[in-house]
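Participant: only geometry, no sequence info:
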């Protein structure tokens, strides 16, 4: 069931990242399948954001190779094909929602009709004329997401996109994510909330700068005999700490 | 490089500014108030006002644009919008050009307003034309912008950015010849003033207000200012990193 390297949307080999003198990613090797939602799960501070930044190509990398959609991460052709939504909404707070989208649509050279499409996609049509600063945290996060959707990227990297959202909106966004994969978009979504794992097609469990385990939610539950992913995660951590290798692949070092 | 990204950026920067009417009022009215203040400070020695009034009109945009650019760029860096832009298909030069166009527009309005008040209401008289002063004011705004852009890379907080003002700008104002002729300074300071861009900006303003025709020393001054703008924009562009640690 290991995928062919050519078909992987993201291919990472021996990725090491050092930040502020500390090694935060310790030689990761992994592949992410195209056209699916891969959940990147792990406790706060385990290196999820750093891994995502390396995939987007905005992270200085100490060693290793990151290839995205067949090109080197961060290379110029990918700037039109990869969308990245940071954890903190990165939009202009002193502009309206529409003005933000107008600006970024010009930068991305996409037609203006995309603005209304992405506003609808994140259910913010009614807020288009509002100054971003005056929106709630969850709404601001959706403006940031809308910006990343403007150019219909082939790969969408979302860092904790559902933090601060009410359950109804969370449900709606996950439905949107699945719609995107039906159109062939690859999504990498990070979360530290384990209950979001069951919504993903594949999972990457991370801990302390290493990939603890990679597989589908069903595989993880089956292999650990746990009912939920949170339990599976704890079982894998316990197994790693007792020195007993967790079963199967994904124990990359 | 494409005009699309620059025009969009200039529009966006101006829209952001429009949302902040208090800043616009301060930008336009503070220089007018200061030049008026200066007029009456030199009530007893009007020749001093006639000597430095016009150069000051041309120097205000330098300090304002230095501050505005360094703070705006710092905000772009800290709010993550710069990182977003750097992951998008826009050339760094286009982004900087957009900023340059927006701030040059603001500077021209600021200089025109200050100059109008100085010439019309405060009896400022210069041998050279007012438009020459305004044209140099725009060049000085770009000089302030390019230096502000560069130093913003070395500040982590807005407090630090503000401190760059006395650190970078005040010494240049003191040494450029505005307050005291450079010939009268300690020889070491006179020599140092040749290394500071504002010296050439002030010298150009003095020559234009004295009615000197373009060419020779004036052309050299303008060339130095243009060169410093180009170099610090290039250095500033280098501080806009697609990849950060």
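Facilitator: Okay, I see it. In this text the structure is predicted, and so the values were computed from the model without any measurement.
Participant: Where does pLDDT dip in the chain?
Facilitator: Using chain A here. Applying pLDDT under 70 to chain A flags the ranges A:1-6, A:244-253.
Participant: wrong chain, I was asking about chain B
Facilitator: For chain B, applying pLDDT under 70 flags the ranges B:1.
Participant: show me what contacts the residue sitting nearest the centre point of it?
Facilitator: Closest to where the C-alpha atoms of chain B average out (Cα atoms, centre = their mean) is residue B:62, at 1.9 Å. Residues near residue B:62 by Cβ atoms under 8 Å, 6 or more residues apart in numbering or on different chains: B:140, B:141, B:143, B:144, B:169, B:198, B:201. C-beta: built from backbone N, CA, C; applies to glycine.
Participant: Would you reformat these as TSV and include secondary structure and neighbour count?
Facilitator: Listed next are these as TSV, based on DSSP: H, G, I helix; E, B strand; the rest coil; neighbours: other Cβ atoms under 10 Å in any protein chain shown:
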residue	secondary structure	neighbour count
B:140	helix	29
B:141	helix	29
B:143	helix	25
B:144	helix	30
B:169	helix	20
B:198	helix	27
B:201	helix	27
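Participant: hmm, back to that, where does the residue nearest to the centre of chain B land in three-state SS?
Facilitator: Look at residue B:62: counting by DSSP: H, G, I helix; E, B strand; the rest coil, its state is helix.
Participant: What sits closest to residue A:43 if chain neighbours are left out?
Facilitator: Spatial nearest neighbour of residue A:43, excluding adjacent residues (Cβ to Cβ, 6 or more residues apart in numbering or on different chains): residue A:192 at 6.1 Å.
Participant: Am I right that the one you found is in contact with residue A:39?
Facilitator: No. In this structure, residue A:192 is not within contact of residue A:39 by Cβ atoms under 8 Å, at 10.8 Å.
Participant: Neighbour count: the two, which is higher?
Facilitator: Taking other Cβ atoms under 10 Å in any protein chain shown, residue A:192 and residue A:39 do not tie; residue A:39 has more neighbours (23 against 15).
Participant: which one is that one nearest to, not counting chain neighbours?
Facilitator: Excluding the flanking residues, the one nearest residue A:39 by Cβ to Cβ, 6+ apart is residue A:200, at 3.4 Å.
Participant: which stretches of chain A form helices?
Facilitator: Taking DSSP state H to define them, one finds helices in chain A at A:48-56, A:97-108, A:113-121, A:137-149, A:167-182, A:217-224, A:229-241.
Participant: right, so of those, which gets closest to chain B?
Facilitator: Among those, the nearest to chain B by Cβ to the nearest Cβ is helix A:97-108 (3.5 Å).
Participant: what angle sits between that closest one and helix A:137-149?
Facilitator: Here the directions of helix A:97-108 and helix A:137-149 differ by 20 degrees (axes from the mean of the first three to the mean of the last three Cα atoms, to 10 degrees).
Participant: helices or strands next to helix A:97-108 in the packing?
Facilitator: Under the contact criterion of 3 or more Cβ pairs under 8 Å, 6 or more residues apart in numbering or on different chains; DSSP states H and E, helix A:97-108 touches helix A:113-121, helix A:137-149, helix B:3-18.
Participant: re the thing from before, and the residue nearest to residue A:39, what is it in contact with?
Facilitator: Contact analysis of residue A:200 by Cβ under 8 Å, 6+ apart lists A:37, A:38, A:39, A:189, A:217.
Participant: I'd like the distance between the third one and residue A:145.
Facilitator: Computed with Cβ to Cβ, to the nearest Å, the distance linking residue A:39 and residue A:145 is 16 Å.
Participant: got it, and residue B:216?
Facilitator: 59 Å.
Participant: the more surrounded of these two?
Facilitator: Legend: neighbour count by other Cβ under 10 Å for residue B:216 and residue A:145, higher for residue A:145 (23 against 10).
Participant: Tell me which residues touch that one, please.
Facilitator: By Cβ under 8 Å, 6+ apart, the contact list for residue A:145 reads A:85, A:122, A:158, A:161, A:173.
Participant: and which of those is nearest to residue A:16?
Facilitator: Each of the contacts of residue A:145 was scored against residue A:16 by Cβ to Cβ, and residue A:158 proved nearest at 24.1 Å.
Participant: got a list of what residue B:103 touches?
Facilitator: B:13, B:65, B:68, B:69, B:141, B:142, B:145.
Participant: Kindly reformat those as TSV containing distance to residue B:115.
Facilitator: Shown next, in TSV, are those (distance: Cβ to Cβ, whole Å):
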residue	distance to residue B:115
B:13	24
B:65	16
B:68	20
B:69	22
B:141	13
B:142	17
B:145	20
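Participant: Tell me how many other residues surround the residue lying closest to residue A:174 once chain neighbours are set aside.
Facilitator: Among residues not flanking residue A:174 along the chain, residue A:199 sits closest, at 5.0 Å (Cβ to Cβ, 6+ apart). Each residue near residue A:199 was counted by other Cβ under 10 Å, and the total is 19.
Participant: Just confirm residue B:19 contacts residue A:95, I think it does.
Facilitator: Yes. With contact defined as Cβ under 8 Å, residue B:19 reaches residue A:95; the gap is 7.0 Å.
Participant: of all the helices and strands packed on helix A:97-108, which gets the most neighbours per residue?
Facilitator: The highest average neighbour count among those, using mean count of other Cβ atoms under 10 Å in any protein chain shown, belongs to helix A:137-149 at a mean of 23.
Participant: Next, the angle helix A:167-182 makes with that helix.
Facilitator: 10 degrees.
Participant: who's in contact with residue A:139?
Facilitator: For residue A:139, the contacting residues are A:124, A:127, by Cβ under 8 Å, 6+ apart.
Participant: ok, now how distant is it from residue A:145?
Facilitator: 10 Å.
Participant: Report the separation between residue A:77 and residue A:69.
Facilitator: 9 Å.
Participant: To clarify, my last question referred to residue A:93.
Facilitator: Distance of residue A:93 to residue A:69, given as Cβ to Cβ: 32 Å.
Participant: swap in residue B:180?
Facilitator: Counting by Cβ to Cβ, the gap from residue B:180 to residue A:69 is 63 Å.
Participant: Tell me which of these two has more neighbours.
Facilitator: residue A:69 (19 against 12).
Participant: Give me the nearest residue to residue 59, chain neighbours excluded.
Facilitator: No chain in the question, so chain A it is. Excluding the flanking residues, the one nearest residue A:59 by Cβ to Cβ, 6+ apart is residue A:53, at 3.7 Å.
Participant: wrong one, chain B
Facilitator: Per Cβ to Cβ, 6+ apart, closest to residue B:59 is residue B:140, 6.2 Å.
Participant: can you pull the contacts of that neighbour?
Facilitator: Per Cβ under 8 Å, 6+ apart, neighbours of residue B:140: B:58, B:59, B:61, B:62, B:107, B:201, B:225.
Participant: List the contacts of the helix or strand in which residue B:36 is found.
Facilitator: Per DSSP states H and E: residue B:36 is located in helix B:21-41. Where contact means Cβ under 8 Å, 6+ apart, the residues beyond helix B:21-41 that reach it are B:17-18, B:49, B:52-53, B:56-57, B:60, B:64, B:68, B:106, B:109-110, B:113-114, B:117-118, B:121-122.
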